[in-house]
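K.L.:
Just the structure for this:
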Amino acid sequence: MAEQNGNGNGTAVGAQGPQLNALAQYIKDLSFENPNAPNSLGPQEQGPNISIQVNVNARQLSETDFEVSLSLEGSAGEGAGTLFKFELDYAGVFRVAGIPTDQVHPIVMIECPRLLFPFARQIVADSVRNGGFPPLFIDPIDFAGLYRQRMGEGSPPPANLA
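P.N.:
Model prediction:
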């Protein structure tokens, strides 16, 4: 009988391929405003104008660890007719290993926020619902498209990211 040295899925123990691990996820900042309550809580004649802004930032913590921050800011209504506003800064610490240096920046700026987004989306939905409104489920975000757009604007990768 031949001996197998591995983990059962055909790869040898100790063989390291590309890895992206989420070490921690957390709310850095959360704000929800319902400036016209209780008047804003009644039925609305038409759906409010909802605007949402998305931003991704990252900073290198060590050779392999990065803090990635996904910022979501939005509002429903305008001016005196504002129903609600929210700001969420949701972050995670990620370990990137076994990835070529030239590919680290796109991984950190695309894949990490993609992993954070479902949790941030749920926090926003719960906050809006807890503010007295139907939950706001933000549509999926194309982080690869945002990255390409940001790089197309000539924004160089931050110096502290590989």
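
K.L.:
Run through who's touching the lowest-mean-pLDDT helix or strand in the chain.
P.N.:
Sorting the helices and strands of the chain by mean pLDDT, DSSP states H and E puts helix 143-152 at the bottom, at a mean of 91. Contacts to helix 143-152, defined as C-beta atoms under 8 Å, 6 or more residues apart in numbering, come from residues Val54, Val56, Pro106, Met109, Ile110, Glu111, Pro113, Arg114, Phe117. Every residue, glycine included, has its C-beta placed from N, CA and C.

K.L.:
mind listing the strands for this protein?
P.N.:
19-33, 50-60, 65-76, 84-97 (DSSP state E).

K.L.:
what inclination does the longest one have with respect to strand 65-76?
P.N.:
Strand 19-33 and strand 65-76 meet at an angle of 30 degrees, taking axes from the mean of the first three to the mean of the last three C-alpha atoms, to 10 degrees as the criterion.

K.L.:
Summarise which helices and strands strand 19-33 is packed against.
P.N.:
strand 84-97, helix 112-130 (3 or more C-beta pairs under 8 Å, 6 or more residues apart in numbering; DSSP states H and E).

K.L.:
out of these, which comes closest to Gln25?
P.N.:
Closest to Gln25 of the helices and strands packed on strand 19-33, according to C-beta to C-beta: strand 84-97, at 4.3 Å.

K.L.:
and that closest one, which residues are buried?
P.N.:
Phe84, Lys85, Phe86, Glu87, Leu88, Asp89, Tyr90, Ala91, Gly92, Val93, Phe94, Val96 (16 or more other C-beta atoms under 10 Å).
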